[in-house]
Each structure stands twice: as structure tokens, then as C-alpha cells.
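Peer 1: this one's sequence-less:
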């Protein structure tokens, strides 16, 4: 019985989900934890490789901290995810007051996809992208 339950749990975590398949609440749960920034692609298509550095993005409850050169190094703030009512192709957006103070278009990050190991965000115009790898999940507090 335990093996059967374990196999079900493992199969749930191995699913790769596009943001269109998630509700905002599910997305908040999926992104919780520590993520290492692997690559950043700017508006001109130039890719920066951060895989050898330890640039951590942390999502803990409703708090975030992002370590990225292009965002002004460490950005720490509260965030919320919500469904976009303006664009069908942009279902879930991350909102934060601190992101509004950066170069990001409209100060929003768009959740493109998330699975157990990879997280991808773009800006509103999909000209900038961030690819991250999960370092450590955050266990929900009871």
C-alpha cells in the first residue's frame, strides 16, 4: 500500500505543467522553495549563463527574494500570483511592488512553466526570460 501511494506522489511531482494548466493557487504552491538562476536572456537575445554562480530566488509563502544582476541584485518583497484577465496567452503573472521599480515591462513576471526541477519566467512582452533550477523545496508549515 505504501509503495502504491509513493508511486502516485512521485508521478504527481514529475509532471511538467505549463502555466495555462494551473490555477494561481496551484502555481503559488508549485514555485515554493529555493531556485538557482541558470540563464537570463535579455531583449537583444543575449544569454547570460549563471549556472556556475549561486544566484538564488526564494519563494516562501507570500514572500520572495530574487538575486539577479539585471533586477538590481537582491529584490525582497511580498508577491502574489494571479490569472491575467488581459491576455489569454499569459495566464499567470507574478506581481510585486519592487518589480515595478525595475526595467521589467509593467513590473510583472509571467510564469511560463514549472515542474519539480525547472521554473521559467518571462517579462510581459516575452522578450526577457529567466530559467531556474530547483535547489530545495520549502515544506509547508502546519
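Peer 2: Good, I have the coordinates. Source: prediction; values computed, not measured.

Peer 1: and the most centrally placed residue in the chain, helix, strand or coil?
Peer 2: Among the residues of the chain, the one closest to the centroid is residue 119, at 5.0 Å (Cα atoms, centre = their mean). Remark: residue 119 carries the secondary structure label strand [criterion: DSSP: H, G, I helix; E, B strand; the rest coil].

Peer 1: point me to the helix or strand that includes the closest residue to it other than its chain neighbours.
Peer 2: Distances taken as Cβ to Cβ, 6 or more residues apart in numbering place residue 132 nearest to residue 119, at 4.4 Å, with adjacent residues excluded. Where C-beta positions appear, they are placed from N, C-alpha and C, glycine not excepted. Element membership of residue 132 [criterion: DSSP states H and E] is strand 129-136.

Peer 1: and that strand, what does it pack against?
Peer 2: In terms of contact count using 3 or more Cβ pairs under 8 Å, 6 or more residues apart in numbering; DSSP states H and E, strand 129-136 is assigned the packing partners strand 33-41, strand 118-122.

Peer 1: buried stuff in that strand?
Peer 2: By neighbour count on 16 or more other Cβ atoms under 10 Å, the buried set for strand 129-136 is 129-132, 134.

Peer 1: between those, which is closest to residue 37?
Peer 2: Set against residue 37, the nearest of the buried residues of strand 129-136 by Cβ to Cβ is residue 132 (5.5 Å).

Peer 1: so that closest one touches residue 38, yeah?
Peer 2: Yes. Residue 132 is in contact with residue 38 according to Cβ atoms under 8 Å; the separation is 6.1 Å.

Peer 1: on the three-state scheme, residue 29 is what?
Peer 2: helix.

Peer 1: report how many residues lie close to it.
Peer 2: 14 (other Cβ atoms under 10 Å).

Peer 1: and it, how close does it get to residue 81?
Peer 2: For residue 29, the distance to residue 81 (Cβ to Cβ, to the nearest Å) stands at 10 Å.

Peer 1: who's in contact with residue 79?
Peer 2: Contacts were defined as Cβ atoms under 8 Å, 6 or more residues apart in numbering; by that measure residue 79 touches 59, 62-64, 94-96.
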